[in-house]
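**Student:** coords please:
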Amino acid sequence: MSIDSKTISEPAPTPSDFIRDIVIAHVAEKKYPQIHTRFPPEPNGYLHIGHAKSICLNFGIAREFGGVCNLRMDDTNPAKEEVEYVDSIIEDVNWLVGGWANDRLGFKPKGAVPATKAINGKGDFYLPAELPAVNGERSTTCEPFYASDYFDQIYEYAVALIKKGAAYVCDLSPADTDAYRGAPDRPGRDSPFRTRSVEENLDLFARMKAGEFPDGARTVKAKIDMASPNIWLRDPVLYRIRHTEHHHTGNKWCIYPMYDFAHCLSDYVEGITHSICTLEFEVHRPLYDWILENLDLPRPLPHQYEFAKLIPSYTIVSKRKLIELVNQKVVCGWDDPRMPTISGIRRRGVTAEAVRSFAYNIGVTKYISLTDTAVFEHAIREDLNKRALRRLAVLRPIKVVLTNYLADKVEHLDAVNNPENPNAGTRKIPFSRELYIEREDFMENPPPKYFRLRPGGEVRLKYAYIIKCDEVIKDAGGQIAELRCTADLDSKAGGPTANRKVKGTIHWVSAAHAIDAESRLYDRLFTVPEPDADGDFKKHLNPNSLEVVTAKCEPSLKDADPQERYQFERLAYFALDKDSQPGKPVFNRTITLKDTWAKEAKKG
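**Tutor:** All right, here's what the predicted structure looks like:
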């Protein structure tokens, strides 16, 4: 799957960073016919917010410089990879960059056989199929690129290295391989099988491919330098035996290339010009270059560039640890809205535009640092404030009875849909004698500067009247059950006392017309900025990361649209969850209106 910049009409913002500076120079000197990047996840888990930065960087550079970006599954480890992960990656990338790319992503036609061409008469070179979608169809008939589609050619490349004497078959066990590799402070030792003849190595490699040997019995290693200060150059493993079915190739193979071997060759096969990786791959770059330079490949070769990954505070982005949270049912699956996965973020109600705004503009450096998650939350609030439809809802209701309002009277008042967007218009909301207000909007013994409802005090009901609390009714347990109030019936908009000043305005819903909605109040999953700093991230789980309440909502929310975003006025932003059923809406709190964590941090 690729995005082709020729299909994009939306002007692209152009952040400045060291990688873009490199690309600008290459474009100016016409080093490549076209800039070609890739986003190459391993399908061994769901994508998370850290991947969003890489997606936006790789697809963004292609977008800005008239290039192409491939989505490729680097699927070299069948023991940990699943179709579920492949499908989720395709869905997440489509969601994140689809609209950005004028809603058109190029895919490889499903089932297409790679084209071939000769390289200096020395064999076949596999190329991706044509990039544009077929007949305008997208994910239903097309698929991303797969490293496993190139396994035949990658095998031939390994054969070529063996023939050159640059690779050999090794019988050391995995444990012995580690022991022979040495350590950062001491050199490794040559394998006793390093001097095998080319003929013996070719014979053994062919028999490995034929399935003659069990898992772990033999590997193919590059013959580089066991004394290299870079451990990745100490005869790294290129192939290992694994009698495991592959999600994409089935049982065709029982040997699989290592990630480092397949990655650089997949880049070359696809014509990648700029292989942009996170900083931990910097020490792998000499191996990346060694593999390509020791094969008779036409130039230019791809080059790897590294940047610091995104590490948000209050977040875990290790796939292994995210899998642990899922498997131990700490969360309700990969798309739990508390998870930092793209699917979880999407389900929570965050838009692709907000994620792009954050990930695309957060900066690209070579310095590892913690990014304050408040920066992401600010991007979410900025986006939702502009688009969210305002609605009235009460999360923790307390009943108010207007004793001077007719029992059978119902008014339909005008309410603004979005003050940030005049074109959003207005709607009608019902008003009646019995209302619900938020429990925290009333206090019997309030502190100074409390401007909400109190005994004998007045507030304005938004879009409606000024009311005064006359009496507090309590139940047998001493809990407030009801407030009895009187309304200034001349204080509605257009009335004689409409301009009378009171210091507080609160929201409400008509009790007779309210609908019940399950409201899931999500918060940060962890309580500290660096949950894994002491090696035990689960002890920092936030016990209040989810609270479920039954909200009383204005009736228009009965027909809530899952594509819309809503602001429950004075409370938070919400989105309709996939668990909703007819007559039983479920809303996820995307984010509060204000950063409550900043206030708590100041207290500390």
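**Student:** Phe151 against Pro257, yeah?
**Tutor:** Yes - between Phe151 and Pro257 a contact is recorded at 7.1 Å, counting by CB atoms under 8 Å. Where C-beta positions appear, they are placed from N, C-alpha and C, glycine not excepted.
**Student:** check contacts around the residue nearest the centre of the chain.
**Tutor:** Nearest residue to the geometric centre of the chain (CA atoms, centre = their mean): Ile342, 2.5 Å. With contact set as CB atoms under 8 Å, 6 or more residues apart in numbering, Ile342 has these partners: Tyr46, Leu47, His48, Ile49, His51, Ala52, Asp92, Trp95, Leu96, Val355.
**Student:** same thing but at 6 Å, please
**Tutor:** Contact partners of Ile342, counting by CB atoms under 6 Å, 6 or more residues apart in numbering, are Leu47, Asp92.
**Student:** picking up where we left off before, more neighbours: Phe151 and Pro257, which one.
**Tutor:** The residue with more neighbours, out of Phe151 and Pro257, is Pro257; 26 against 22, by other CB atoms under 10 Å.
**Student:** which phi and psi does the more buried one have?
**Tutor:** Its backbone dihedrals place Pro257 at phi -70, psi 150, with angles given as degrees, to the nearest 10.
**Student:** Report pLDDT for the closest residue to Arg433 other than its chain neighbours.
**Tutor:** Nearest-residue entry for Arg433: Tyr405, 4.5 Å, with adjacent residues in sequence omitted and distances by CB to CB, 6 or more residues apart in numbering. Tyr405 carries a pLDDT value of 97.
**Student:** show me where the stretch 101-250 of the chain has helices.
**Tutor:** Counting by DSSP state H, counting those that start in this stretch, the stretch 101-250 of the chain has these helices, from start to end: 151-163, 174-181, 198-209.
**Student:** same deal with the chain?
**Tutor:** Ranges of helices in the chain, per DSSP state H, are 18-28, 49-64, 83-97, 151-163, 174-181, 198-209, 259-269, 285-293, 319-327, 342-348, 352-361, 373-387, 596-603.
**Student:** Check which residues of the fourth one are buried.
**Tutor:** Neighbour-count burial for helix 151-163 flags Phe151, Gln153, Ile154, Tyr155, Glu156, Tyr157, Ala158, Val159, Ala160, Leu161, Ile162 (criterion: 16 or more other CB atoms under 10 Å).
**Student:** now swap in stretch 300-312 and tell me
**Tutor:** Leu301, Pro302, His303, Gln304, Tyr305, Glu306, Phe307, Ala308, Lys309, Leu310, Pro312.
**Student:** How about stretch 31-42?
**Tutor:** Tyr32, Ile35, His36, Thr37, Arg38, Phe39, Pro40, Pro41, Glu42.
**Student:** Over to stretch 62-76?
**Tutor:** Burial within stretch 62-76, assessed by neighbour count using 16+ other CB under 10 Å, is assigned to 62-65, 67-76.
**Student:** likewise stretch 438-445?
**Tutor:** Under the neighbour-count criterion of 16+ other CB under 10 Å, stretch 438-445 has Glu438, Asp441, Phe442 buried.
**Student:** any idea how far Leu202 lies from Asp190?
**Tutor:** Note on Leu202: its distance to Asp190, by CB to CB, to the nearest Å, is 20 Å.
**Student:** no no, Ile276
**Tutor:** Remark: distance between Ile276 and Asp190 (CB to CB) = 35 Å.
**Student:** mind listing what Tyr522 touches?
**Tutor:** The neighbourhood of Tyr522, defined by CB under 6 Å, 6+ apart, consists of Pro337, Arg338, Leu546, Arg589.
**Student:** Considering these, which possesses the most neighbours?
**Tutor:** If you rank these by neighbour count (other CB under 10 Å), Pro337 sits at the top with 25 neighbours.
**Student:** Show the pLDDT at that one.
**Tutor:** At Pro337, the pLDDT recorded in the model is 98.
**Student:** start the count at 577, not 1, going forward
**Tutor:** Let's use 577 as the start, then, which means that last one is Pro913.
**Student:** Just give the closest residue to it, not the sequence neighbours.
**Tutor:** Leaving aside its sequence neighbours, Pro913 is closest to Arg924 (3.6 Å, by CB to CB, 6+ apart).
**Student:** So which of Ile852 and Asp766 has more stuff around it?
**Tutor:** A count of neighbours by other CB under 10 Å puts Ile852 above the other of Ile852 and Asp766, at 24 against 14.
**Student:** and the more buried one, what are its bridge partners?
**Tutor:** Partner residues in beta bridges with Ile852: Tyr881, with DSSP bridges as the criterion.
**Student:** close enough to count as contact, it and Gln880?
**Tutor:** No - distance between Ile852 and Gln880: 7.8 Å, which falls outside the contact criterion (CB atoms under 6 Å).
**Student:** if we can go back for a sec, mind putting the helices of the stretch 677-826 of the chain into a markdown table with distance to Ala1109 and mean pLDDT?
**Tutor:** Written out in a markdown table, the entries for these read as follows (distance: least, CB to CB, whole Å; pLDDT from 0 to 100):
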| stretch | distance to Ala1109 | mean pLDDT |
| --- | --- | --- |
| helix 727-739 | 39 | 97 |
| helix 750-757 | 28 | 96 |
| helix 774-785 | 43 | 98 |
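**Student:** quick one, what contacts Lys787?
**Tutor:** For residue 787 the amino acid is Gly, not Lys. Cys830.
**Student:** Kindly report the same for Ala723.
**Tutor:** When the contact criterion is CB under 6 Å, 6+ apart, the partners of Ala723 are Asp650, Asp651, Thr652, Ala838, Ser842.
**Student:** okay, now Asn827: neighbour count?
**Tutor:** Counted with other CB under 10 Å, the burial measure for Asn827 works out to 11 neighbours.
**Student:** how near is the residue lying closest to it once chain neighbours are set aside to Met834?
**Tutor:** Sequence neighbours aside, Glu821 is the residue nearest to Asn827 in space, at 5.3 Å (criterion: CB to CB, 6+ apart). As judged by CB to CB, Glu821 and Met834 stand 19 Å apart.
**Student:** Looking at those two now, which is surrounded by more residues?
**Tutor:** Summary of the neighbour comparison: Glu821 and Met834, criterion other CB under 10 Å, with Met834 having more neighbours (19 against 13).
**Student:** re earlier: how about the helices of the stretch 677-826 of the chain, which one is nearest Glu1130?
**Tutor:** Distances from Glu1130 to each of the helices of the stretch 677-826 of the chain were compared using CB to CB; the shortest belongs to helix 727-739, at 57.8 Å.
**Student:** Return the member of the buried residues of helix 727-739 nearest to Glu1140.
**Tutor:** If you rank the buried residues of helix 727-739 by distance to Glu1140 using CB to CB, Phe727 comes first, at 45.2 Å.
**Student:** Which residue comes closest to the closest one once chain neighbours are left out?
**Tutor:** Among residues not flanking Phe727 along the chain, Trp829 sits closest, at 6.0 Å (CB to CB, 6+ apart).
**Student:** and the one you found, how many neighbours?
**Tutor:** Trp829 has 21 neighbouring residues, counting by other CB under 10 Å.
**Student:** likewise Ala793?
**Tutor:** The burial metric for Ala793, expressed as a neighbour count using other CB under 10 Å, is 12.
**Student:** same question, the one 3 residues further on
**Tutor:** A count of neighbours around Val796, defined by other CB under 10 Å, yields 26.
**Student:** Give me the buried positions along stretch 832-851.
**Tutor:** Going by neighbour count (16+ other CB under 10 Å), the buried part of stretch 832-851 is 832-851.
**Student:** Report the distance from it to the chain centre.
**Tutor:** Its chain's average C-alpha position is 24 Å from that of stretch 832-851, according to CA atoms, centre = their mean, to the nearest Å.
**Student:** Which residue, other than its chain neighbours, is closest to Leu960?
**Tutor:** Leaving aside its chain neighbours, Leu960 sits nearest to Tyr1149 (4.5 Å; criterion: CB to CB, 6+ apart).
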